[in-house]
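Engineer: the following comprises the amino acid sequence and a computationally predicted model.
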Amino acid sequence: MAFPELLDQVGSLGRFQFLQTVALVVPILYVTTHTMLENFSAAVPSHRCWVPLLDNSTIQDSVPGTLDPEALLAVSIPQGPNQRPHPCRRFRQPQWQLLDPNATATNWSEAATEPCVDGWVYDHSTFTATVVTKWDLVCDSQALKPMAQSIFLAGILVGAVVCGRISDRWLPESAQWLLTMGKLDQGLRELQRVASINRKRTTGDTLTREGLLSAVQELSGAQDSTTLGALLHMPGLRLRTWISMLCWFAFGFTFYGLVLDLQALGSSNIFLLQVLVGVVDIPAKMGTQLLLGRLGRRPTQAGSLVLSGLCILANTLVPYEMGSLRSALPVLGLGSLGATFTCVTVYSGELFPTVLRMTAVGLGQMAARLGAILGPLVQLLSIHSPWLPLLVYGAVPVLGGLAALLLPETQNLPLPDTLQDVQNQAVKKATHSTPAPSVLTSTRL
């Protein structure tokens, strides 16, 4: 009896699979929600330097005449980006000459300014307080925010490695993997457990150790090459492994780099932008399931990555004043990255044999976590140019999408169980791709 038939008997889709999915989804939802809170708990409100003329009532009362706050702001704070008060510099002395109607706001030199030595004044109209306002993570200290985000994501990576072993106590091993590794007794117990939870106890009781031997014979194979080295050195698996890791990395790098700093996308309403990201993500993931069945794995994987990268790259050409378009393009790009995640999860499981499947998927998820750690740090490039982070975020998924075209298509193909199955697929692909000899060549031969 083949293993798929065994799985159908004990219940391939029942209560057991539902409970296992819930057990995995609930922690993921918690971690994702906690991660997205960074957009609010670490939001950067508008700010300027503290200046005596505006923020010290005693000195303000000594100013001759009746100058309004806008005039006092003009003589105290130089203009910064987008013709707004500079967030990190102030005049050493009030520039009264700027009140002259014939004077321009650029009639001052860098030497006439100084950093915010007395602290900052923040706009509390949207956020009463954030970690940025509490610890002044602005100007010269603005690099601390993405560094803290990277450390947080690095902690998730460490937790995944450490807690992976702990999860084995309550997440059952794959019965197919156990049989492949020759662990018949454990495989039998897991299949009987699945049958019991799926209310097919009678079927589970009929399963015997001898009845699994036929399935073991079909699954038997390269148990001696189930190490990480086989993924990185075997010709049939090496290319799949590196490209799969690149796709995982591109997702984690770009997604977390953008989604942890939605303010950088140019929207004036970060709450609405957060809702749009969530709303777009749901149909994107549902639509991906349809595309995987219609177009196949390889076109869907490549297309979702390239589309997300092009949306982000296009945003570098949009003027800052067009806030709606600057927000719409990244939201579309993030939706495409959601499709990328769905696709790479399915695709990775079909590219590798059973004996190495979880190792390969785990390696890909490690690459995604590494990309997530590096993603927020790219925001530091905005010090040199505001469009440089978007250029990097867009280029990486485009390269990953193009590389995905080198992977084999797995739609409607049986899952490989052994390393020999992968080698057979590679040989079959090479045979079909070799052109038949022409009539002229055959005649000459």
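Structural biologist: Nice, thanks for sending it over.

Engineer: immediately after the helix ranked longest in the chain, which helix or strand?
Structural biologist: For the chain, the helix that runs over the most residues, judged by DSSP state H, is helix 323-351. Downstream of helix 323-351, the first helix or strand assigned by DSSP states H and E is helix 354-374.

Engineer: who are the packing partners of that next one?
Structural biologist: Packing partners of helix 354-374 (3 or more CB pairs under 8 Å, 6 or more residues apart in numbering; DSSP states H and E): helix 144-167, helix 175-180, helix 228-233, helix 235-259, helix 323-351. For the C-beta atoms, the positions are set from N, CA and C on the backbone; glycine is no exception.

Engineer: save those as TSV, and put in mean pLDDT, distance to residue 122 and mean neighbour count too.
Structural biologist: Converted to TSV, the helices and strands packed on helix 354-374 look like this (pLDDT from 0 to 100; distance: least, CB to CB, whole Å; neighbours: other CB atoms under 10 Å):
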stretch	mean pLDDT	distance to residue 122	mean neighbour count
helix 144-167	84	14	14
helix 175-180	70	55	24
helix 228-233	74	49	15
helix 235-259	91	24	23
helix 323-351	88	21	22
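
Engineer: output those in a markdown table; the columns should cover distance to residue 311.
Structural biologist: Listed next are the helices and strands packed on helix 354-374 as a markdown table, based on distance: least, CB to CB, whole Å:
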| stretch | distance to residue 311 |
| --- | --- |
| helix 144-167 | 22 |
| helix 175-180 | 39 |
| helix 228-233 | 32 |
| helix 235-259 | 10 |
| helix 323-351 | 4 |
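
Engineer: nearest to residue 365, out of those helices?
Structural biologist: Closest to residue 365 of those, according to CB to CB: helix 235-259, at 6.5 Å.

Engineer: what angle separates the next helix or strand after the closest one from helix 235-259?
Structural biologist: Beyond helix 235-259 in the direction of the C-terminus, DSSP H and E gives the next helix or strand as helix 270-294. Between helix 270-294 and helix 235-259, the angle comes out at 160 degrees (axes from the mean of the first three to the mean of the last three CA atoms, to 10 degrees).

Engineer: so what touches helix 270-294?
Structural biologist: 36, 39-40, 43, 126, 259, 262-263, 265, 267, 300, 304, 327, 331-332, 334-336, 338-339, 341-343, 346, 411 (CB atoms under 8 Å, 6 or more residues apart in numbering).

Engineer: domain ranges for this structure, per the record?
Structural biologist: The chain breaks down into these domains under automatic domain parsing: 47-141, 225-418.

Engineer: those domains: which one's closest to residue 192?
Structural biologist: Nearest to residue 192, of all those, is domain 225-418, at 20.1 Å by CB to CB.

Engineer: run the chain-centre distance for the closest one.
Structural biologist: 6 Å (CA atoms, centre = their mean, to the nearest Å).

Engineer: nearest to residue 388, of the helices and strands packed on helix 354-374?
Structural biologist: helix 235-259 (12.2 Å).

Engineer: hey, where'd the helices end up in the stretch 51-200 of the chain?
Structural biologist: Secondary structure of the stretch 51-200 of the chain by DSSP state H, counting those that start in this stretch: the helices cover 52-55, 57-61, 69-76, 131-135, 144-167, 175-180, 184-197.

Engineer: now those helices as TSV including distance to residue 237?
Structural biologist: Formatted as TSV, the helices of the stretch 51-200 of the chain follow (distance: least, CB to CB, whole Å):
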stretch	distance to residue 237
helix 52-55	64
helix 57-61	72
helix 69-76	64
helix 131-135	44
helix 144-167	22
helix 175-180	16
helix 184-197	24
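
Engineer: and stretch 90-97, what's buried?
Structural biologist: Neighbour-count burial for stretch 90-97, with 16 or more other CB atoms under 10 Å as criterion, is recorded at 90-91, 94-95.

Engineer: same list (those) but as CSV, adding pLDDT and distance to residue 352.
Structural biologist: Shown next, in CSV, are the buried residues of stretch 90-97 (pLDDT from 0 to 100; distance: CB to CB, whole Å):
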residue, pLDDT, distance to residue 352
90, 90, 59
91, 90, 63
94, 83, 68
95, 82, 66
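
Engineer: residue contacts, the spatially most central residue of the chain?
Structural biologist: Among the residues of the chain, the one closest to the centroid is residue 252, at 2.9 Å (CA atoms, centre = their mean). Taking CB under 8 Å, 6+ apart, we find residue 252 in contact with 367-372, 375.

Engineer: just those now: which is nearest residue 67?
Structural biologist: residue 375 (46.1 Å).

Engineer: nearest to residue 322, of the contacts of residue 252?
Structural biologist: Of all the contacts of residue 252, residue 375 has the smallest distance to residue 322: 25.0 Å, by CB to CB.

Engineer: redo the domains of the chain as a markdown table? Include distance to residue 10.
Structural biologist: Putting the domains of the chain into a markdown table (distance: least, CB to CB, whole Å) gives the following:
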| stretch | distance to residue 10 |
| --- | --- |
| domain 47-141 | 50 |
| domain 225-418 | 17 |
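
Engineer: pick out the shakiest of these, pLDDT-wise.
Structural biologist: Looking at the domains of the chain, the lowest mean pLDDT belongs to domain 47-141 (a mean of 81).

Engineer: end-to-end on it?
Structural biologist: This stretch, domain 47-141, spans 14 Å end to end (CA to CA, to the nearest Å).
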